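> Sequence first, predicted coordinates after that:
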Amino acid sequence: MTISHHVGGDLLLAYGAGTLDEATSILVATHLALCPPCRAELALAEVIGGVMMESATTGTAPAESLPDPAIVGAGHDGERHGPAAVLSAQPGSFVLPQPLRDYAGCDAAQLPWRTMGGGVRQVALKTRGSGATARLLSIGAGKRVPEHGHRGAELTLVLAGALYDRDTWYRRGDVDAADSSVVHRPAAGPERDCICLAVTDAPLKFPALIPRLLQPFFGI
Amino acid sequence: MGKSRNVIGFPYRRLDEAFGSDAPVPAAAAQGEPGTYVRASEAERMAARLQAVAERGDRAAFTELFRHFAPRVRAYLLRGGGDAGRADDVLQQTFEAVWRKAKLYDRRRANPAAWIFAIARNARIDSIRRERRPEFDPQDPAFRPDPAPEGERALAAGQRAEAVRSALSALSDEQRDVLWLPFYEGETYAQIAIRLGLPLGTVKSRARLAFQRLRRSLAAQREGLK
Ligand SMILES: [Zn+2]
């Protein structure tokens, strides 16, 4: 299964530089877990960082008396980013890849979903820093989210099922990007519920009265 | 960062011990072939040092890494908005992580500067911005592994960095700025938009174009090597 809708180069660069806000970084890291070509792009972004660090005017040597280091635990740790052990993994056993499970604390089935009406449920993810907010959405099979516009950017990463938006189908790993010029009503595919991660950097705009009244309660 | 003082791990009580150390540096196990760039072979040498740290906890190799990279990492941390005291704390965390994670370093995948940059970047996010850094985990069962070896890796670590260096210098000043400001100065696109007096969308599309241009010029350099 290959991904056809990727995160933009500007997002990969900002994630590589470490300047992307935390909520959007969750979406990028989750896409990266599912997308080998974008991981190659990230590796390139980190080479850029390394080259800049190497070629910048060399700073002064560290001060003579540095504070005592917090001496870290024994030896080397090998848990993360090891090249081995990937083969033993069983693909597809989790709906939420690791970066999301780190925030959600569990997989999708165990989440405390809150219903928003219309077959749509959500769980907000707690992030630090300012700017964007991240939430997991579960859209019932064949259901649509209420029509809405945007004051900023909205990124939606599909994790399970399929999402139909503006004449395009999005599946696991695909990213649907909308900006302030877009008013849309994405729908879940008919076979199963669609679970996705939505990141917005400004509140949405709901033209219909009921969703607009409910908006403050859902924090969207 | 925990407060534990377990001395088995990190080889130096204080980083300046490492920096000022006169420990003999073992003969270079450089794999750079004659005629390659000086910098490329330096990158290979640093990669060999990282491997020595990973395989046998080689302190002399670690010292050499520290001597080469610490001033550069420190300069980077100072540019990213930290004061000197904070920068030194983060510098220390960075090299503790280099020591601890050396085993995870794969020289076929990353050149040493890129790898150490990523560690320093994460330490900076963690300590200076006080945010979490979401990252993928290759051992996650949901992780989709790389298919076949990618063409990108046909270039050795050092050659690749050298190729990026020359591709960067071929960019216009405008394009280089939108890469330099996030990577080195730690500025967000919104901050850059204010600094340059441009709409946010223009800054983002300029960054995308700069990245694309860099990729194309790397692909062209790869073709030239065949
Ligand atoms: Zn991708």
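That came through fine.
> Residues in contact with whichever strand or helix holds residue B:193: which ones?
Using DSSP states H and E, residue B:193 maps to helix B:189-196. For helix B:189-196, the surrounding residues in contact (C-beta atoms under 8 Å, 6 or more residues apart in numbering or on different chains) are A:10, A:14, A:19, B:177-178, B:181-182, B:187, B:198-200, B:202-204, B:207. C-beta here means a position set from N, CA and C on the backbone, and glycine is covered the same way.
> What's the mean pLDDT across it?
Helix B:189-196 carries an average pLDDT of 96.
> C-terminal to that helix, what's the next element?
Next along from helix B:189-196, by DSSP H and E: helix B:200-225.
> tally of neighbours for the residue nearest to residue B:184 when sequence neighbours are not counted?
Nearest residue to residue B:184 in three dimensions, chain neighbours excluded: residue A:52, at 4.8 Å (C-beta to C-beta, 6 or more residues apart in numbering or on different chains). Residue A:52: 25 surrounding residues under other C-beta atoms under 10 Å in any protein chain shown.
> My reading is that residue A:52 lies in a strand. Confirm?
No: with DSSP: H, G, I helix; E, B strand; the rest coil as the criterion, residue A:52 is located in helix rather than a strand.
> which stretches of chain B aren't confidently modelled?
By pLDDT under 70, the weakly predicted segments of chain B are B:1-39, B:80-82, B:148-157, B:225-226.
> same question, chain A
Applying pLDDT under 70 to chain A flags residues A:1, A:57-92, A:217.
> if we go to 50?
Applying pLDDT under 50 to chain A flags the ranges A:63-90.
> List the buried residues of the helix holding residue B:193.
For helix B:189-196, a neighbour-count test (16 or more other C-beta atoms under 10 Å in any protein chain shown) marks B:189, B:192, B:193 as buried.
> So what angle separates the directions of it and helix B:200-225?
Counting by axes from the mean of the first three to the mean of the last three C-alpha atoms, to 10 degrees, helix B:189-196 points 100 degrees away from the direction of helix B:200-225.
> send the alpha carbons of helix B:189-196 over as CSV?
In CSV, the C-alpha atoms belonging to helix B:189-196 read as follows (Å, rounded to 0.1, in the frame of the first residue of the first chain):
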residue,chain,number,x,y,z
TYR,B,189,7.7,30.4,9.3
ALA,B,190,5.5,32.9,11.1
GLN,B,191,8.5,34.5,12.6
ILE,B,192,10.3,34.5,9.3
ALA,B,193,7.3,36.1,7.6
ILE,B,194,7.4,39.0,10.1
ARG,B,195,11.2,39.3,9.8
LEU,B,196,11.1,39.4,6.0
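> Do a quick rundown of the strands in chain A.
Under the criterion DSSP state E, chain A contains strands at A:114-115, A:120-125, A:133-139, A:148-150, A:154-160, A:163-165, A:168-170, A:175-178, A:183-184, A:187-188, A:194-200, A:204-205.
> could you dump those to a markdown table with distance to the ion and mean neighbour count?
As requested, those are exported to a markdown table (distance: least, C-beta to the ion, whole Å; neighbours: other C-beta atoms under 10 Å in any protein chain shown):
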| stretch | distance to the ion | mean neighbour count |
| --- | --- | --- |
| strand A:114-115 | 30 | 12 |
| strand A:120-125 | 21 | 18 |
| strand A:133-139 | 18 | 22 |
| strand A:148-150 | 22 | 19 |
| strand A:154-160 | 10 | 24 |
| strand A:163-165 | 16 | 20 |
| strand A:168-170 | 12 | 16 |
| strand A:175-178 | 8 | 21 |
| strand A:183-184 | 22 | 14 |
| strand A:187-188 | 22 | 22 |
| strand A:194-200 | 14 | 25 |
| strand A:204-205 | 25 | 18 |
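> To residue B:141, which of those lies closest?
strand A:154-160 (14.3 Å; C-beta to C-beta).
> packing partners for the closest one?
helix A:22-34, strand A:175-178, strand A:194-200 (3 or more C-beta pairs under 8 Å, 6 or more residues apart in numbering or on different chains; DSSP states H and E).
> go again using 10 Å as the cut-off
With contacts taken as 3 or more C-beta pairs under 10 Å, 6 or more residues apart in numbering or on different chains; DSSP states H and E, strand A:154-160 sits against helix A:22-34, strand A:133-139, strand A:163-165, strand A:168-170, strand A:175-178, strand A:194-200.
> how about those, which one is nearest chain B?
Nearest to chain B among the helices and strands packed on strand A:154-160 is helix A:22-34 (3.8 Å), distances taken as C-beta to the nearest C-beta.
> Tell me if the closest one is near chain B.
Yes: contact of helix A:22-34 with chain B (C-beta under 10 Å from any C-beta of the partner chain) involves A:22-34.
> With the ion in mind, check whether that helix reaches it.
No: using C-beta under 5 Å from the ion, helix A:22-34 stays clear of the ion, with a minimum separation of 5.6 Å.
> Now for residue B:169: which residues touch it?
Applying C-beta atoms under 10 Å, 6 or more residues apart in numbering or on different chains to residue B:169 gives the contacts A:51, A:55, B:176.
> Please report which of those residues has the highest neighbour count.
For the contacts of residue B:169, the largest number of neighbours (other C-beta under 10 Å) sits with residue A:51, at 27 neighbours.
> so what's that residue up against?
Counting by C-beta under 10 Å, 6+ apart, residue A:51 touches B:39, B:111, B:113-114, B:117, B:160-169, B:179, B:183.
> what's the spacing between it and residue B:189?
As defined by C-beta to C-beta, to the nearest Å, residue A:51 lies at a distance of 21 Å from residue B:189.
> got it, and residue A:54?
Counting by C-beta to C-beta - residue A:54 and residue B:189 are separated by 24 Å.
> can you map out the helices along chain B?
Secondary structure of chain B by DSSP state H: the helices cover B:15-20, B:38-56, B:59-79, B:84-101, B:112-127, B:157-169, B:173-183, B:189-196, B:200-225.
> quick one, which of those is packed in tightest?
Each of the helices of chain B was scored by mean neighbour count; the highest is helix B:112-127, a mean of 24, by mean count of other C-beta atoms under 10 Å in any protein chain shown.
> Quick one: work out the angle between that helix and helix A:22-34.
140 degrees.
> now for helix B:112-127, which elements pack on it?
Helix B:112-127 packs on helix A:9-17, helix A:36-55, helix B:38-56, helix B:59-79, helix B:84-101, helix B:157-169, going by 3+ C-beta pairs under 10 Å, 6+ apart.
> at 8 Å what do you get?
The contact analysis (3+ C-beta pairs under 8 Å, 6+ apart) places helix B:112-127 against helix A:36-55, helix B:38-56, helix B:59-79, helix B:84-101, helix B:157-169.
> and the longest one, how far from the chain's centre?
Think helix B:59-79. 11 Å (C-alpha atoms, centre = their mean, to the nearest Å).
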